[in-house]
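S.K.: quick check, what structure comes out for this input:
(2 chains)
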Amino acid sequence: MEQPEQQEVVEQTISANMPKLETHVQAPATDTPRATIFDVQNVSIYYGAFKAVTDVSLPIYENEVTAFIGSSGSGKSTVLRAFNRMNDLVPGARVEGQMTYRGADLYAKEVSPTAVRRRIGMVFQKPNPFPKSIYDNVAYGPRINGERNKAKLDEIVERSLRGAVLWDEVKNRLKQSGLALSGGQAQRLCIARTIAVEPDVVLMDEPASALDPIATLAIEDLIRELKKNYTIVIVTHNMQQATRVSDRTAFYSVLTDSKNDTRTGVLVEHGPTQQIFEDPHDSRTQAYVTGRMG
Amino acid sequence: MTTTSGQPGTVDLREGGGWRRTKNQIATFVMWTAFIATLVPLILVLYTVISKGVTAISWQFLTSNTIPPNVSPLGFGGMGPAIVGTLIITGFAAVIAIPLGVLGAVYINEYGGKGWLANFISFMADVMTGVPSIVMGLFIYTIWVLHFGYSGLAGSFALACLMLPIVIRSTYEMLRLVPNHLREASYALGATKARVTLTVVLPAAVGGIVSGALLAVARAAGETAPLLFTILTVEATNTNLFSGANTALSTQIFTNAQSPFVGGEARAWGSALTLIVIAFILMIAARIVTARFTRYTR
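M.R.: So this is what the prediction gives:
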């Protein structure tokens, strides 16, 4: 498989105020931290007056898969969507606290959400290919970024589809509709579409929850493959999935305030996946990962 | 709970009788009745127009100049000028109303959000839908014809006023149907709002938008009242949209149908059939065009 040139991606800066990244040493996949991609400090996110998640602090490291687990309403998707400012699209959404990407404040006034999203891609829960051909789906991102050269686009489309392990299945029908694919293929098409713009980070919001077990395994294989080139944050309801694909896990829970009848998400603990599942420090994590809920 | 261990032949899988079944039969009957009741006027109108109009249609009828409604039997005079007038007047009305209407709907659905301006435009479009078409004619008569005289352009303005709310409303409904996850997918790739609208939202809705726009065109092509005060029905072809009185099929039907003469009446039926055929051709053309745009939606 042809690898996108990671160095080139890394050295692009999203705007002038972002610092140039020093080259970093590839650390072994142990607890030794790699370069920090996101640093989240005391972040709370509101939808209007509703506080969806409170006081989250955690780092996301380069070329690792970080899994967000926890029950519904614990705010894991909300935090995920704050990383590429998708929450901006929700009227009344507001982020408090500090959230940096490679040292730059994601919520600084001069930061353009579109520039952020070009570097930080997202794969959604429900496969959402455009009602366009397979080719046009993958070429969409490069095209809106100004790529017009047909030969270059052909190359990007092939490389991205190979990267998403979909090329062999669709190479003879690139002109067919992206909606004609099966659920698992459609989701891999969406991943191909995301990596076609050579992002730095890929956010995944329950990418396999609408898929059957075989398609799910294909996506998980793909995630392990992708982390060589990308930093990945994945929200999942499936704890086996978290243990299978992730290096680190963050466990979210719901704080219920019965007096005011409000439910707020909170980050309980985060750490290497093995530690979270085998030696959780918090009793709520223990109850959740052992299936006794929390 | 029904028993699952059961002996063979103990489970009754036949349709149950009684009220449940009767309700189903009543509902089926009502649906069929409604369907036929809708079809009857539709077929009667078509049948009447075709049977009475088809004798009038000839090459001479479609091309020669109009004569005043009088005793002359069929074979004299035709609707050539009116066909030309209808096509250019309605065509230019579409050129004005469709882009404005689509852009208005895009504003309401994509940009305006819940703001007061979007609500106001949406509300005014609904109000305009209910304004009688003759009011549009009088409106253009007052602000345009009184100053610049009768012309096809004035007719186009009046028809455009009529089409605008229909285009806004139908386009808006189509844009609302575009699933939000498509917009999100585009935003997540770093697209700006304009880009999302142009490359994802409008293409996804284009089939419905074209259908709605054509409905408006067909509706406008058949309108008489807005034209009576704006184009002043004449008898010779006027291909200049911008000056001089003009003529249209709908106003010719109006004039001829009022006449007490057999020839005039026959020409009115012929014009009516011509108008229906034009609308029919437009619809088919639209289907072919949108089929090309929407080939990826399934």
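
S.K.: what is the burial count for residue 55?
M.R.: Since no chain was named, I'll use chain A. 16 (other Cβ atoms under 10 Å in any protein chain shown). C-beta: built from backbone N, CA, C; applies to glycine.

S.K.: nope, chain B
M.R.: Using other Cβ under 10 Å, B:T55 has 13 neighbouring residues.

S.K.: is it in a helix, a strand, or coil?
M.R.: In three-state terms, and counting by DSSP: H, G, I helix; E, B strand; the rest coil, B:T55 is coil.

S.K.: tell me the spacing between the residue of the stretch 151-294 of chain A found nearest chain B and B:A154.
M.R.: Chain B sits closest to A:S177 of the stretch 151-294 of chain A, with a gap of 4.0 Å, by Cβ to the nearest Cβ. Separation of A:S177 from B:A154 (Cβ to Cβ, to the nearest Å) stands at 46 Å.

S.K.: so which of these two has more stuff around it?
M.R.: Counting neighbours by other Cβ under 10 Å for A:S177 and for B:A154 shows that B:A154 has the greater number, 28 against 19.

S.K.: what sits against that one?
M.R.: B:I140, B:Y141, B:W144, B:V145, B:F148, B:T230, B:I231 (Cβ atoms under 8 Å, 6 or more residues apart in numbering or on different chains).

S.K.: out of the residues you listed, which are inside strands?
M.R.: Per DSSP state E, strands hold no members of the contacts of B:A154.

S.K.: among those, which two are most distant?
M.R.: Using Cβ to Cβ, the two most remote members of the contacts of B:A154 are B:F148 and B:I231, lying 12.6 Å apart.

S.K.: closest to chain A among the contacts of B:A154?
M.R.: B:I140 (39.8 Å).

S.K.: so can I have CSV of the contacts of B:A154 showing pLDDT?
M.R.: Below are those laid out as CSV (pLDDT from 0 to 100):
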residue, pLDDT
B:I140, 95
B:Y141, 95
B:W144, 94
B:V145, 93
B:F148, 93
B:T230, 93
B:I231, 91
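
S.K.: okay, those in a markdown table with distance to chain A and neighbour count next?
M.R.: Formatted as a markdown table, these follow (distance: Cβ to the nearest Cβ, whole Å; neighbours: other Cβ atoms under 10 Å in any protein chain shown):
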| residue | distance to chain A | neighbour count |
| --- | --- | --- |
| B:I140 | 40 | 24 |
| B:Y141 | 44 | 17 |
| B:W144 | 42 | 17 |
| B:V145 | 46 | 22 |
| B:F148 | 45 | 12 |
| B:T230 | 41 | 30 |
| B:I231 | 42 | 27 |
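
S.K.: so the residue nearest in space to the middle of chain A, which of the three states?
M.R.: Central residue of chain A (Cα atoms, centre = their mean): A:L203, 1.1 Å from the mean position. Here A:L203 is recorded as strand under three-state DSSP.

S.K.: next up, the contacts around it.
M.R.: A:L80, A:R81, A:F83, A:N84, A:I120, A:G121, A:M122, A:V123, A:I232, A:V233, A:I234.

S.K.: tell me, how many residues neighbour the closest residue in space to it that isn't next to it in sequence?
M.R.: The shortest distance from A:L203 to any non-neighbouring residue, by Cβ to Cβ, 6 or more residues apart in numbering or on different chains, is to A:M122 (4.5 Å). For A:M122, the neighbour count with other Cβ under 10 Å is 25.

S.K.: helix or strand for A:M122, which one?
M.R.: A:M122 is part of strand A:120-123 when elements are defined by DSSP states H and E.

S.K.: redo the contacts of A:L203 as TSV? Include pLDDT and distance to A:Q240.
M.R.: Listed next are the contacts of A:L203 as TSV, based on pLDDT from 0 to 100; distance: Cβ to Cβ, whole Å:
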residue	pLDDT	distance to A:Q240
A:L80	95	20
A:R81	94	24
A:F83	94	24
A:N84	92	27
A:I120	95	27
A:G121	94	25
A:M122	94	23
A:V123	94	19
A:I232	95	17
A:V233	96	18
A:I234	95	13
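
S.K.: surely A:P272 touches A:S246?
M.R.: No. With contact defined as Cβ atoms under 8 Å, A:P272 does not reach A:S246; the gap is 9.3 Å.

S.K.: quick one: neighbours of the residue of the stretch 101-250 of chain A found nearest chain B, just the number.
M.R.: Going by Cβ to the nearest Cβ, chain B is nearest to A:R118 of the stretch 101-250 of chain A, at 3.3 Å. A count of nearby residues for A:R118, using other Cβ under 10 Å, gives 23.

S.K.: can you add distance to A:R34 and give the contacts of A:L203 back as a markdown table?
M.R.: As requested, those are exported to a markdown table (distance: Cβ to Cβ, whole Å):
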| residue | distance to A:R34 |
| --- | --- |
| A:L80 | 20 |
| A:R81 | 24 |
| A:F83 | 17 |
| A:N84 | 20 |
| A:I120 | 17 |
| A:G121 | 20 |
| A:M122 | 22 |
| A:V123 | 22 |
| A:I232 | 13 |
| A:V233 | 14 |
| A:I234 | 17 |
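
S.K.: these: which two are farthest apart?
M.R.: A:R81 and A:I232 (15.1 Å).

S.K.: tell me the pLDDT of the residue in chain A sticking out farthest from the centre.
M.R.: The centre of chain A is farthest from one residue, A:K259, which by Cα atoms, centre = their mean lies 35.0 Å away. Predicted confidence (pLDDT) for A:K259: 80.

S.K.: same question, the one 4 residues further on
M.R.: Each residue has a pLDDT score; the one for A:R263 is 87.

S.K.: quick one: it is in a strand?
M.R.: Yes. With three-state DSSP as the criterion, A:R263 is part of a strand.

S.K.: counting neighbours, what do you get for it?
M.R.: So A:R263, with other Cβ under 10 Å, has 17 neighbours.

S.K.: so what sits opposite it in the bridge?
M.R.: Note on A:R263: beta-bridge partners A:T256, judged by DSSP bridges.

S.K.: now the helices: where do they sit in chain B?
M.R.: Under the criterion DSSP state H, helices of chain B are mapped to B:19-53, B:59-63, B:80-106, B:116-129, B:133-140, B:146-148, B:152-177, B:180-188, B:193-196, B:202-221, B:225-228, B:249-258, B:262-293.

S.K.: for the third one, packing partners?
M.R.: Using 3 or more Cβ pairs under 8 Å, 6 or more residues apart in numbering or on different chains; DSSP states H and E as the contact definition, the elements that helix B:80-106 packs against are helix B:59-63, helix B:152-177, helix B:202-221, helix B:249-258, helix B:262-293.

S.K.: gap between the residue nearest the centre of chain B and B:T129?
M.R.: The centroid of chain B falls nearest to B:L215 when counting by Cα atoms, centre = their mean (2.0 Å). Using Cβ to Cβ, we find B:L215 at a distance of 12 Å from B:T129.

S.K.: swap in A:I191?
M.R.: For A:I191, the distance to B:T129 equals 45 Å [Cβ to Cβ].

S.K.: equivalent analysis for A:F38, please.
M.R.: 51 Å.

S.K.: same thing with A:G75?
M.R.: Look at A:G75 and B:T129: by Cβ to Cβ, they are 45 Å apart.

S.K.: repeat for A:R159
M.R.: Taking Cβ to Cβ as the measure, A:R159 falls 51 Å from B:T129.

S.K.: what do you get for B:V206?
M.R.: Distance, B:V206 to B:T129, using Cβ to Cβ: 22 Å.

S.K.: what does A:G271 give?
M.R.: 61 Å.

S.K.: between these two, who's got more neighbours?
M.R.: More crowded of A:G271 and B:T129, by other Cβ under 10 Å: A:G271, with 18 against 13.

S.K.: that'll do, ta.
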